[in-house]
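*Asks:* What would the 3D arrangement of this be:
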Amino acid sequence: MLSYFEIGIFAPVHQENIGTLWRSAYQLGAAGIFVIGKWRRTQASDTAKTRLEIPFRNYSTWDDFLQHRPIGARLIGIEIGEKPLNRFQHPIQAIYILGSEANGLPAYVQAQCDEIISIDSVRDASYNVAVAGSIVLYHRLLNLKAGAQ
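*Replies:* This is a model prediction of the structure:
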């Protein structure tokens with residue numbers, strides 16, 4: 001089944017997480033990744049040459065992102081304490097957005113999401129942002145494969 005999805009981080013703190021998420025997004029079929037806010041264009045290692053495979057976009061502000069987001073794609077926030085991922089049906093067209101490692105998704109971003117999902121865990125601490133994004137994208141892959149059978 002053909003689908004379209006991207007994933008991004010709002011105001012990322014650690015640049016390494018962008019590279020990790022970029023690689024996972026490529027491996028799991030994303031059309032691209034993005035950040036909203038400042039980003040330094042330095043990736044220490046990219047053995048898969050991911051930067052040549054799927055695009056990276058940097059939006060300066062939330063409004064900039066909203067003006068350029070793909071029409072028809074549902075905006076899915078990823079945040080602690082919301083709808084459990086294991087009960088979530090991924091839309092065919094989706095834009096996933098994670099909050100920063102330090103602050104999560106601001107309330108005004110959450111208010112504009114079509115849905116907000118969370119990842120179950122045994123502990124109270126949040127996942128690393130790149131790991132959280134990778135888990136959601138892997139769940140998407142499994143979910144859509146199961147639906148296609």
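
*Asks:* Outside of stretch 132-145 itself, list whatever touches it.
*Replies:* Applying CB atoms under 8 Å, 6 or more residues apart in numbering, the set of residues contacting stretch 132-145 from outside is 1, 3, 5, 7, 9, 20-21, 24-25, 28-30, 78, 85-86, 88-90, 94, 96, 98, 117, 119, 126-127. From N, CA and C alone the C-beta is placed, and that goes for glycine too.

*Asks:* model confidence over it, on average?
*Replies:* If you average the pLDDT over stretch 132-145, you get 94.

*Asks:* Can you give me the buried ones in that stretch?
*Replies:* Residues of stretch 132-145 classed as buried: 132-137, 139-140, 144 (neighbour count, 16 or more other CB atoms under 10 Å).

*Asks:* Out of the residues you listed, which is nearest to residue 67?
*Replies:* Lowest distance from residue 67 to the buried residues of stretch 132-145 (CB to CB) belongs to residue 133, with 23.0 Å.

*Asks:* How about that closest one: what's its closest non-neighbour residue?
*Replies:* residue 21 (4.8 Å; CB to CB, 6 or more residues apart in numbering).

*Asks:* What is the subsequent helix or strand relative to the helix or strand where the one you found lies?
*Replies:* In the assignment (DSSP states H and E), residue 21 maps to helix 15-27. Later in the chain than helix 15-27, the nearest helix or strand by DSSP H and E is strand 32-36.
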